[in-house]
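Engineer: Predicted model, plus sequence, below.
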Amino acid sequence: MTRKAFLVAGIAVALVAGGLGVAQEEEMPEGFTDTMLQAAPLELGQGAFVQALFEFRLEPGTETGQMEQPQLVAYGLEGTLTVSVNGGPETAYEPGSTLVVEAGSLVSLANRGDTVARALCFAVLPEGALEGE
């Protein structure tokens, strides 16, 4: 599986703060980290937003619960990331794979391998969502 796109149907009106792993106020599991690489204002017809680029990583054996996500695109960099969207079946994403998530989708992540899983993500967030990180 070298290049794989997965599109989640349905568009939610409300965007949620953060990126993968920062979308909820709940504490993320040990072994999950994300690093904001860049953020810039973005004006859309529906209001003011922030476009953000960040990297996240999951250590081997790390799993997250379901997290509501903003609209985002994740590109696999290293390891295998196992993803379930809206309670659906798990799909494995390897380096070079692409995951597209519509705003409001519930996403759970897992690293079932024995190496770190890393991905580069681009997300569109409501203005102010990154304040207080």
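Structural biologist: Happy to help now that I have it. Numbers count the residues shown, from 1 in each chain.
Engineer: hey, let's count contacts and neighbours off CA atoms from now on
Structural biologist: Noted.
Engineer: Can you tell me the number of residues neighbouring residue 29?
Structural biologist: 13 (other C-alpha atoms under 10 Å).
Engineer: Quickly find the element holding residue 121.
Structural biologist: Using DSSP states H and E, the element containing residue 121 is strand 117-126.
Engineer: And the next helix or strand past the worst-scoring helix or strand of the chain on mean pLDDT?
Structural biologist: Taking mean pLDDT, DSSP states H and E as the measure, the chain has strand 32-44 as its least confident helix or strand, at a mean of 65. Using DSSP H and E, the helix or strand that follows strand 32-44 in sequence is strand 47-58.
Engineer: which other helices and strands contact that next one?
Structural biologist: Of the remaining helices and strands, those touching strand 47-58 by 3 or more C-alpha pairs under 8 Å, 6 or more residues apart in numbering; DSSP states H and E are strand 32-44, strand 117-126.
Engineer: how about low-confidence regions in this protein?
Structural biologist: Applying pLDDT under 70 to the chain flags the ranges 1-28, 32, 35-44, 132-133.
Engineer: count of neighbours near residue 114?
Structural biologist: Other residues close to residue 114 by other C-alpha under 10 Å number 11.
Engineer: was I right about it contacting residue 60?
Structural biologist: Yes. The criterion here is C-alpha atoms under 8 Å, and residue 114 meets it with residue 60 at 5.2 Å.
Engineer: what number of residues lie near the closest residue in space to residue 34 that isn't next to it in sequence?
Structural biologist: Distances taken as C-alpha to C-alpha, 6 or more residues apart in numbering place residue 56 nearest to residue 34, at 4.0 Å, with adjacent residues excluded. Here the count is done by other C-alpha under 10 Å, and residue 56 has 20 residues near it.
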